[in-house]
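# Build the 3D model from these lines:
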Amino acid sequence: MDTLALKATGINKYFYDPVKFEVLKDISFEVKKSEFVSIVGKSGSGKSTLLYILSTMDTDYEGELHINGNKVTGRSLNELAALRNASIGFVFQFHYLLPDFSCLKNVMIPALRLGKLSYKEVEHNAYERLKMLGVEDQALKRADKLSGGQQQRIAIARALINQPAIIMGDEPTGNLDSKNSRIVFDMFRQLSHEFGQTIITVTHDEDFAHKSDRIIEMSDGVIVK
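Numbers count the residues shown, from 1 in each chain. Below you'll find the predicted structure:
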């Protein structure tokens, strides 16, 4: 278990509107630490629903979920919120940066919310994440003054600030052109292979998926490959 970043066992999920419908059916798989995994499938296959369960944002499911060897199924909403802030970094299709804040401040926010380090320590760590991703020269610019590719790199830096056990991506290249998609993929691969970061992404980008370490393919709520 200590080599696993995530373990899902017997995950079932139902929707009830307008009638009961099973959207995930007995999903079980493991993700090793430092592994880069892509979850793929057609729209409606259940991949985004699964990601929300894996991220602990959806607690209405059957089965068990373990993160870093710890069972998270059944924990309170407050416990899960704390776990997400400390252990899971998120990168979405849209960057969700605060436009009026500097890039540096955007990266700092999750660590300031966590409250484990001083302001100066958080600021230093934020600069280091920006430097790692090659955008330290954008640190003091407002987030809305950057290109789409730069904004997504800032979002990745923000996801890294609390040294999460797992980065989860929901279509992280969905709003990017091919050049910036390649840049974001290369960053994820470097984070995984050189820095030991575990990454789980949902993607429609076939090129992105096929270059990751492993593909989990879904169809009609089940893992088919």
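
# At which residues are the strands of the protein located?
Assignment of strands within the chain using DSSP state E yields the ranges 4-15, 21-32, 36-40, 62-67, 70-71, 88-92, 166-170, 198-202, 214-219, 222-223.

# now residue 84, nearest residue through space, not along the chain?
residue 56 (5.8 Å; Cβ to Cβ, 6 or more residues apart in numbering). C-betas here are computed from N, CA, C, even on glycine.

# residue contacts, the one you found?
By Cβ atoms under 8 Å, 6 or more residues apart in numbering, residue 56 lies in contact with 65, 67, 72, 75, 80, 83-84, 88.

# The same query, at a cut-off of 10 Å, please.
Shown in contact with residue 56 (Cβ atoms under 10 Å, 6 or more residues apart in numbering): 65, 67, 72-73, 75, 77, 79-81, 83-84, 87-88, 168.

# What subset of those residues is buried?
Neighbour-count burial (16 or more other Cβ atoms under 10 Å) applied to the contacts of residue 56 gives 65, 67, 72-73, 75, 80, 83-84, 87-88, 168.

# For this protein, which residues score under the pLDDT cut-off?
1 (pLDDT under 70).

# Show me where this protein has its helices.
Counting by DSSP state H, the chain has helices at residues 47-54, 77-87, 103-114, 119-132, 148-160, 178-195, 206-211.

# Counting by contacts, list what the third one packs against.
Counting by 3 or more Cβ pairs under 10 Å, 6 or more residues apart in numbering; DSSP states H and E, the packing neighbours recorded for helix 103-114 are helix 77-87, helix 119-132, helix 148-160.

# quick one: buried residues of it?
Result for helix 103-114 [16+ other Cβ under 10 Å]: buried residues 103-112.
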